[in-house]
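Colleague: build me a model from this:
(2 chains)
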2 protein chains.
Amino acid sequence: MSAVDDVVRLGGGRMPTLIERAERFLEEIVAGHGEVLADAAAGTLAAGGKRLRPLLVFLCADGNEGDAPVRAAAAVELVHLATLVHDDVVDRAALRRGRPTVFATRGRETATATGDFVFSRAFSLLAANDDERQVSVLADACLALAAGELAQRHDAYRDDISEERYVLRCRLKTASLFAAACLLGASAAGRPAAEAAALEAFGQDLGIAFQMLDDLLDVSGPAERTGKHRGTDLLDGTVTLPLILAREQDPALAMLDLREVSTRARAEEVCDRIAATDALTATRARAGELMARAKDVLRGRVDDGLENVLCSVADRVADRYA
Amino acid sequence: MSAVDDVVRLGGGRMPTLIERAERFLEEIVAGHGEVLADAAAGTLAAGGKRLRPLLVFLCADGNEGDAPVRAAAAVELVHLATLVHDDVVDRAALRRGRPTVFATRGRETATATGDFVFSRAFSLLAANDDERQVSVLADACLALAAGELAQRHDAYRDDISEERYVLRCRLKTASLFAAACLLGASAAGRPAAEAAALEAFGQDLGIAFQMLDDLLDVSGPAERTGKHRGTDLLDGTVTLPLILAREQDPALAMLDLREVSTRARAEEVCDRIAATDALTATRARAGELMARAKDVLRGRVDDGLENVLCSVADRVADRYA
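Modeller: As a prediction, this is how the structure comes out:
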């Protein structure tokens, strides 16, 4: 929460109001479709957390205080929430951010339908902006998210995943929605194409770095901080950058068959082994390079005020994982 | 297949070309996003079957042979296919129309992501029509489909489901997409509002009747015709009109706790018991009334040619279940 809170302060007085308006939109959506959805989705909404994506929409829409950016921000967050609900079904997850998931409380049928519902609501909300390009941007981002999930499943347990392939997956499954958030904000503000392209590139690099740092945290922990045990990705068969880099240094890790990592204790052992190489430092460095590139692309392409506040967002995201 | 084939013949020479163009669109979508999706979705596409929804789009778009109705038709079918893929995950279904499901061949993660992907593709395709109302129509239909699934889960195993509640569910989970197909076709053809409203009402009643007849078939069988055992809805806890009506006549059925119906043999016994009342005849009569109302709404509101061909569609749908 703190990263967003800090930036909301940086963004000045208007930002809390916009975030609050997006929150209200989200709450109305949950309340306005009957008891079944209200119950199922209230937990999802609360589990969303940081509202980093809506924040990007608002920052990039600076200057436009109408309903359009609020709808775009809520739509992006709804897509994010829909993917969380479906992820929880797929992972049979009982908790998210310490709260019971829709899957856990309502079962897989209701959770699947709730995800579809929230997803559809994003598009019906965005359609009200009466800008077909915005719908295309969101639809393309959704396509990328789903393609990223498909690629991750395809890559599961494999020992030949390259860093390039891993970065591609991060771009699809995470960065595409960050980039879409920036682009939707730029579109709502009517920014020129070159500015919009710079903001999109910023969102993309920030999103890849964000995912790298998240994957790092899954190996480094500690559990008290992440709210989950270390090595959940390993148990899932998800090959992330720390393992890819550690495999180049540690022959035992290079030989490891991930399918044999089936207990929590064994996963933590592998995490320790990864941490014993310099893979965690290298992963942090890669994320740092992307953050630097994200900031760099803004210089001279957007006004100084926007550049400053977006660089602060990038710094706060990096700090969260420092 | 035969209902559509017949109507395609009725619709004259243009219809096969349009259906073929929509099919090609669907095939390109499947082929254009890498091997993982291609494998997963090819089966889904093939499992779709009748293409009744695209047919409604084309018939209602009569007079417009551009890409717009083809995109709308493909988008509607993609939404339908996405819901089938998710339904198969929820039901852990191994087969659909005699072919292995994505869930069965690729597992729940890939099937969930494939559904999300196909869903997103529908919106990205429709956005190219550059008509924000069309996106709203499809998004609202998707919302209704998901709300229908949620309502069905909420109602599962209950003994107090009224006929009205059942009809509401049919409207949400099936008729909304039929109505959207008609409305999208009307929109692509630039029909006046009154005509579009009549076509939407036609699609809605046709869709409810279609669902009623489908539910009837689940009780009446025979299995050789439906490709599945009788009573799958009962095993699922889904209370449909035949059971609702039969309960009013047979005290043993009124007392029945659906949770105790847990074997195929027991489900078939209950089907026999429902068939021993006049519930099947009454269900067929209700569907017939809706079909009559669907045709009636067209009279004097759309041109005779369109009225005739849509009435033929309704008749062919009814015949399929006769």
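Colleague: contacting residues for A:R92?
Modeller: A:F103 (CB atoms under 8 Å, 6 or more residues apart in numbering or on different chains). Every C-beta, even on glycine, is put in place using the N, C-alpha and C of the backbone.
Colleague: and it, its phi and psi?
Modeller: phi 50, psi 50 (degrees, to the nearest 10).
Colleague: ok, and for stretch A:261-281, which residues are buried?
Modeller: A:261, A:267-268, A:270-271, A:273-275, A:277, A:279-280 (16 or more other CB atoms under 10 Å in any protein chain shown).
Colleague: scratch that, stretch A:75-94
Modeller: Under the neighbour-count rule (16+ other CB under 10 Å), stretch A:75-94 has A:75-90, A:93 buried.
Colleague: let's have the buried residues of stretch A:261-281 in a markdown table, adding pLDDT, distance to B:A193 and secondary structure.
Modeller: Shown next, in a markdown table, are the buried residues of stretch A:261-281 (pLDDT from 0 to 100; distance: CB to CB, whole Å; DSSP: H, G, I helix; E, B strand; the rest coil):
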| residue | pLDDT | distance to B:A193 | secondary structure |
| --- | --- | --- | --- |
| A:V261 | 94 | 61 | coil |
| A:A267 | 95 | 60 | helix |
| A:E268 | 94 | 64 | helix |
| A:V270 | 96 | 63 | helix |
| A:C271 | 96 | 62 | helix |
| A:R273 | 96 | 68 | helix |
| A:I274 | 97 | 63 | helix |
| A:A275 | 96 | 65 | helix |
| A:T277 | 97 | 67 | coil |
| A:A279 | 97 | 63 | helix |
| A:L280 | 96 | 62 | helix |
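Colleague: just put those residues in a markdown table and tack on distance to A:T114.
Modeller: Output for the buried residues of stretch A:261-281, formatted as a markdown table (distance: CB to CB, whole Å):
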| residue | distance to A:T114 |
| --- | --- |
| A:V261 | 32 |
| A:A267 | 30 |
| A:E268 | 33 |
| A:V270 | 34 |
| A:C271 | 33 |
| A:R273 | 39 |
| A:I274 | 36 |
| A:A275 | 37 |
| A:T277 | 41 |
| A:A279 | 38 |
| A:L280 | 36 |
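Colleague: give me the below-cutoff pLDDT ranges for the stretch 101-250 of chain A.
Modeller: Applying pLDDT under 70 to the stretch 101-250 of chain A picks out residues A:223-227.
Colleague: tally of neighbours for A:D160?
Modeller: A:D160 is flanked by 8 other residues according to other CB atoms under 10 Å in any protein chain shown.
Colleague: could you report the distance from it to B:V89?
Modeller: 29 Å (CB to CB, to the nearest Å).
Colleague: again with A:D130
Modeller: 34 Å.
Colleague: state the three-state secondary structure for A:R158.
Modeller: Following DSSP: H, G, I helix; E, B strand; the rest coil, A:R158 is assigned to coil.
Colleague: now it, nearest residue through space, not along the chain?
Modeller: A:V239 (6.4 Å; CB to CB, 6 or more residues apart in numbering or on different chains).
Colleague: tell me which of the buried residues of stretch A:261-281 is nearest to chain B?
Modeller: A:V261 (17.7 Å; CB to the nearest CB).
Colleague: show me the contacts for the closest one.
Modeller: Per CB under 8 Å, 6+ apart, neighbours of A:V261: A:231, A:234-235, A:267, A:270.
Colleague: repeat for A:L18
Modeller: Counting by CB under 8 Å, 6+ apart, A:L18 has contacts A:58, A:65, A:69-70, A:73.
Colleague: what segments of the stretch 151-300 of chain A are helices?
Modeller: A:163-170, A:176-188, A:193-220, A:223-226, A:232-236, A:241-247, A:251-255, A:264-276, A:279-298 (DSSP state H, counting those that start in this stretch).
Colleague: which one of the ones you listed is the most hemmed in?
Modeller: Among the helices of the stretch 151-300 of chain A, helix A:176-188 has the highest mean neighbour count (mean count of other CB atoms under 10 Å in any protein chain shown), at a mean of 28.
Colleague: before we move on, the earlier item: just flag the most distant two among the contacts of A:V261.
Modeller: Among the contacts of A:V261, the pair separated by the greatest distance (CB to CB) is A:L235 and A:V270, at 9.7 Å.
Colleague: neighbours of the residue nearest to A:R158, how many?
Modeller: 25.
Colleague: A:R21 now?
Modeller: Count around A:R21 with other CB under 10 Å applied: 19.
Colleague: which SSE is the closest residue in space to it that isn't next to it in sequence in?
Modeller: Of all residues not flanking A:R21 in the chain, A:V70 sits nearest, at 4.8 Å (CB to CB, 6+ apart). Using DSSP states H and E, A:V70 maps to helix A:67-91.
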